[in-house]
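Q: Show me the folded form of this:
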Amino acid sequence: MEAAIVIMALLFFAFVALGVYATVKVVKAAKRGVDRTINQARRTVEDTTLRAKSYGQGGVAGELAQLRLSLRTSMRATQDALQAGVAEDASLKESLDLFRRLSAHGQELDEDLKRLEREPDRSRVAGQLTDLRARTEQITESADSLRWAARDRARKFAEDDLSSLSQQIDMEAGALRHWSEPAAQGPASDDFSWPDAGAAAPGAERGQVWPADAEAGPRPDAQAAGAQAQGQQEPPPAITARDPRQAAYPWEKSARPETTN
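A: Have a look, this model is predicted:
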């Protein structure tokens, strides 16, 4: 009885622990989903704001907004391309690591640009625009280079796979059309029948024989002709003893034949 109670208690605690673990996992997954949604909404709002500033404002503020917008657009496109390609091509992991290092510089530049947007001294900010523009172009060019290299690699693999698939399909199509080659040479007739025994075989007057007859052996007429030829060339008879009923010499009388009476 005590053992059953202990087992029931262990099962109860196991189910409780499993429920707590599942609840924690669900809460964390929901939190990640909410954070992802919030971050995406924040990025959308920021991009819309920067686009509006770059088109609606001029001078230093518009230049800073344009630099931030081009930087964020290039970095986000490269990140999406590498993360999508690394699932199919493991060699892109090194490129993704390089992009993470580049992202650190990009985030630092974005923070500098955001801080300069709130700077009241516009003349000092205008003096730094040349350096900021060079840094932005360097980072965006590096990101674009990684993105286009990954896309070219994926396109090359797709072209190679398509070429190999086309060759295999051509070979399979040729194998499926193999039946047309015997048809071009003329198919054998299915209603073929051997001639009757009394009918003369085709080519008999020319001394031809059927392949089956050649395998089975010589025909009867050929055997008779062979026997006649052998009879004409029979060897001389062997020497045997004389019959006692025949006369030994010409001057002796011939022996009379025995009668049955």
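Q: Please count neighbours and contacts with C-alpha atoms only from this point.
A: Fine.
Q: Low-confidence ranges, this protein, go.
A: Counting by pLDDT under 70, the chain has low-confidence residues at 1, 180-261.
Q: Tell me how it divides into domains.
A: The record assigns the chain these domain ranges, following automatic domain parsing: 1-56, 58-166.
Q: Determine which of those approaches Trp179 most closely.
A: domain 58-166 (21.5 Å; CA to CA).
Q: end to end, how far does the closest one reach?
A: From its first residue to its last, domain 58-166 covers 55 Å (CA to CA, to the nearest Å).
Q: Need the winner for burial among the domains of the chain.
A: domain 58-166 (a mean of 15; mean count of other CA atoms under 10 Å).
Q: follow-up on the earlier one: can I get the domains of the chain in TSV with distance to Leu176?
A: Formatted as TSV, the domains of the chain follow (distance: least, CA to CA, whole Å):
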stretch	distance to Leu176
domain 1-56	53
domain 58-166	15
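Q: I'd like to know which of those domains is closest to Glu172.
A: domain 58-166 (9.8 Å).
Q: secondary structure class for Glu119?
A: Three-state assignment for Glu119 (DSSP: H, G, I helix; E, B strand; the rest coil): coil.
Q: so what's it up against?
A: Contacts were defined as CA atoms under 8 Å, 6 or more residues apart in numbering; by that measure Glu119 touches Val125.
Q: Distance of it relative to Gln128?
A: Counting by CA to CA, the gap from Glu119 to Gln128 is 12 Å.
Q: sorry, back to before: for Arg177, which of the domains of the chain is the nearest?
A: Closest approach to Arg177 among the domains of the chain (CA to CA): domain 58-166, 16.4 Å.
Q: What segments of the chain are strands?
A: For the chain, no strands turn up when DSSP state E is the criterion.
Q: the helices in it, which residues?
A: For the chain, the helices defined by DSSP state H occupy 2-56, 59-85, 92-117, 122-176, 180-185, 211-216, 220-232.
Q: Packing partners of the first one?
A: If contacts are counted by 3 or more CA pairs under 8 Å, 6 or more residues apart in numbering; DSSP states H and E, helix 2-56 sits against helix 59-85.
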